[in-house]
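Colleague: Sequence isn't available, so here's the structure alone:
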């Protein structure tokens, strides 16, 4: 896993609108108009978010007649989850120590 890819993934995930778009795409492909429906922003703004997600490799955009449905790509998310998993021991140890202190 390249650090540049990880940086792109986390940068894209930093925005709550992009995270909500990814959550929606986890249910299946969608067009920009479908993705824009629940947001109080323009279709153009959602399209810009899609470009960020596409550059980060988190989605792909296909062609179906005049539509360009977006599809979730799981590999970058798995890479980010794997990277975060390396810190589980640290957090678990911290919580264990806190638990011991609270029981004292």
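Modeller: Yes, it's here. Small disclaimer: the values here were computed from a predicted structure and weren't measured. Numbers count the residues shown, from 1 in each chain.

Colleague: contacts, neighbours, all on C-alpha from now
Modeller: Will do.

Colleague: Show the end-to-end separation of stretch 36-52, please.
Modeller: End-to-end distance of stretch 36-52 (Cα to Cα, to the nearest Å): 15 Å.

Colleague: chain center to it: distance?
Modeller: Averaged C-alpha coordinates place stretch 36-52 at 15 Å from its chain's average position (Cα atoms, centre = their mean, to the nearest Å).

Colleague: which residues touch that stretch?
Modeller: Under the criterion Cα atoms under 8 Å, 6 or more residues apart in numbering, residues 12, 17, 18, 32, 33, 35, 59 lie in contact with stretch 36-52.

Colleague: And the helices in this structure?
Modeller: Counting by DSSP state H, the chain has helices at residues 3-13, 16-25, 32-36, 43-55, 75-85, 88-103.

Colleague: okay if I get those helices as a markdown table plus mean neighbour count?
Modeller: Below are the helices of the chain laid out as a markdown table (neighbours: other Cα atoms under 10 Å):
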| stretch | mean neighbour count |
| --- | --- |
| helix 3-13 | 16 |
| helix 16-25 | 16 |
| helix 32-36 | 17 |
| helix 43-55 | 17 |
| helix 75-85 | 13 |
| helix 88-103 | 11 |
